[in-house]
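> Sharing a sequence plus its predicted fold:
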Amino acid sequence: MGKIIVKYSVFLIISNLFVVQMTVVEVFICGEKIVSSNNRSSIPPAVTSLLLEGIAQNTTGTVFMPEHGEDTLVSGSPTEKAILQWGLDLGMNFDAVRSKSSVIHAYPFDSVKKQGVVVNLVMGYILFQV
């Protein structure tokens with residue numbers, strides 16, 4: 001069985017200009033700007049799947065889905081909340097994605113380094129998501 005290696009880079013431009021809550025306003029995938037950041041059809045399905053997995057696993061934030069159609073509650077740092085909300089806008093099922101692996105350790109997003117790291121155990125493999 002051969003190895004499949006998927007290499008991609010994603011840059012999100014997040015803004016809180018004139019609003020209290022930060023949001024994702026621009027998305028660049030593999031150097032190309034995605035026309036509509038909330039349009040799942042403008043992102044290749046394999047990339048969308050990897051993005052949603054990375055968003056759900058690489059966070060110390062949480063998502064609470066109320067039972068009676070009330071607004072979803074997203075918690076975490078302002079940056080994490082913006083990225084988690086973007087994932088939800090793309091159709092991410094936070095609990096389902098998170099349940100596929102065990103988080104061994106999470107280093108919260110550092111605004112100076114512009115990264116966070118989560119160490120996961122997925123199907124017997126240790127996975128570092130930066």
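Yep, it's here.
> neighbours of the residue nearest to Thr59 when sequence neighbours are not counted, just the number please.
Of all residues not flanking Thr59 in the chain, Glu80 sits nearest, at 5.1 Å (Cβ to Cβ, 6 or more residues apart in numbering). C-betas here are computed from N, CA, C, even on glycine. For Glu80, the count of nearby residues is 21 (other Cβ atoms under 10 Å).
> And Leu52, by the same measure?
22.
> and what of Ser49?
By the criterion of other Cβ under 10 Å, Ser49 has 14 neighbours.
> if I look at it, how far off is Ala96?
12 Å (Cβ to Cβ, to the nearest Å).
> Assign a three-state SS to the residue nearest the centre of the chain, would you?
Centroid check for the chain by Cα atoms, centre = their mean gives Ile55 as the closest residue, at 1.7 Å. Recorded secondary structure, Ile55: helix (DSSP: H, G, I helix; E, B strand; the rest coil).
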